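S.K.: Quick one: sequence and predicted model below, then my questions.
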Amino acid sequence: MSAPASFSPIRYADGRLELLDQTRLPGEEVWLPCADVETVADAIRRLAVRGAPAIGVAAAWGLVVATGEAGDASELASRFDRAWDLLVATRPTAVNLRWALDRGRRVWEEALPGGVEEGRTALAAWAARLQADDLAANERMGEHGATLFAAGDRALTHCNAGALATAGYGTAIGVLTSAWRAGKLTSVWVDETRPLLQGARLTAWELGRLGIPYRVITDSSAGSLIASGAVDRIVVGADRIARNGDTANKIGTYPLAVLAARHGVPFYVAAPLSTVDLGTPNGATIPIEERRGEEVVAFGNARLAPADALGFNLAFDVTPAELIAAIVTEAGVLRPPYEESLAGALAQEEKSGGSSVPQPRPREP
């Protein structure tokens, strides 16, 4: 059975932006019309759109939406600044968000002196390029990652790092898709990924569309499965990769890496180079978002804990570089020492002009 063409959770046509509301999956497919930047920011904040690459692309289109209404150059410049501030505050851990917004500002400020229409046209053209470049990068990433697999492999993945989390095809799921198409992957274990069940709701939905055999497991089952020899590879995505290779990803990723090391199972991170932040020296300096405790003690309208129970809800954890066997990027499979391989890949990408998202200026820890 051949897999369907890749899809994207973000679509923009004829001046209209729509985002697939991932909080409604898998029950129903609902597209959110985004007529203003406040709607885009709210969608990012409440995880209607999620995943570091997808957040960056959605924010880029948010800038386009914000500057699309009538106004003179001064008014639109002020509107752009307000939109930038609103969007950058939505998700602090995903570095792609800030990268996209910084690049958008550069494009806007360089074009606006030529007139309002030139500024709008340049911004929209850049956002479209950003989306297309992310899709192409994910497809290359999948090809590189598939070389890490052997015939008959069974993989485990955490959270959702597929087309839903990107402009299309996916990072970790893109690697799994390419391995499946190459005849190497036989099945995937899918962590449910508490507390919002991105694995059970979203990754399972994607793998089903792709025709890849899978089974959903509780997060706490992963250790037993790995110990039993039922897992040959672990592949996850990333929201930020520090200069030394330490990687922030959905909460629950770090324990998987520890278990993988204990049992000799290769642990891979798949992410575009735009997720590498050379301005962040190590994992200790990555900001970790804390979300509402209510997400832990309730799900939807169902209360899971006593009425007076308080929840503690870290959205991400950090996996130390020494636990990561390889980082798969659109430039190839990178190996330790990551400080050298990451910097080298970024330098080569910049030299070739292949990256549409520039590296941020280094920041103090």
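M.R.: Yep, it's here.
S.K.: Provide the backbone phi and psi angles at residue 85.
M.R.: Main-chain torsions, residue 85, degrees, to the nearest 10: phi -60, psi -40.
S.K.: how many neighbours does it have?
M.R.: Neighbour count of residue 85, defined by other Cβ atoms under 10 Å: 11. For the C-beta atoms, the positions are set from N, CA and C on the backbone; glycine is no exception.
S.K.: swap in the one 5 residues further on?
M.R.: When neighbours are defined as other Cβ under 10 Å, residue 90 has 21 of them.
S.K.: my read: residue 299 touches residue 200, true?
M.R.: No: the pair residue 299 / residue 200 is not scored as a contact, 11.0 Å apart, by Cβ atoms under 8 Å.
S.K.: which residues touch the residue lying farthest from the centre of the chain?
M.R.: Here the centre of the chain is the reference, and by Cα atoms, centre = their mean the most remote residue is residue 72, at 35.3 Å. Counting by Cβ atoms under 8 Å, 6 or more residues apart in numbering, residue 72 touches residue 116.
S.K.: Over to residue 288. Which of the three states is it?
M.R.: Per DSSP: H, G, I helix; E, B strand; the rest coil, the secondary structure class of residue 288 is coil.
S.K.: which residue packs closest to it, ignoring adjacent ones?
M.R.: Nearest residue to residue 288 in three dimensions, chain neighbours excluded: residue 316, at 5.3 Å (Cβ to Cβ, 6 or more residues apart in numbering).
S.K.: from memory that neighbour sits against residue 95, does it?
M.R.: No: the pair residue 316 and residue 95 fails to qualify as a contact (Cβ under 8 Å) at a distance of 11.6 Å.
S.K.: Now for those two: what residues contact both?
M.R.: Common neighbours of residue 316 and residue 95 (Cβ under 8 Å, 6+ apart) are residue 239.
S.K.: and those two? which has more neighbours close in?
M.R.: Neighbour totals were compared for residue 316 and residue 95, and residue 95 leads with 29 against 25 (other Cβ under 10 Å).
S.K.: Any figure for the gap between that one and residue 241?
M.R.: Residue 95 is 8 Å from residue 241, where distance means Cβ to Cβ, to the nearest Å.
S.K.: Pull up the overlap in contacts between those two.
M.R.: Here residue 95 and residue 241 have 275, 277 as joint contacts, going by Cβ under 8 Å, 6+ apart.
S.K.: and residue 215, what does it touch?
M.R.: 187, 188, 189, 190 are the contacts of residue 215 under Cβ under 8 Å, 6+ apart.
S.K.: Just the element for it, please.
M.R.: Using DSSP states H and E, residue 215 sits within strand 214-217.
S.K.: Partner strands of that strand and their direction?
M.R.: If you go by DSSP bridges, strand 214-217 pairs up with strand 185-191 (parallel).
S.K.: which element follows the partner strand toward the C-terminus?
M.R.: Past strand 185-191, further along toward the C-terminus, the next helix or strand under DSSP H and E is helix 198.
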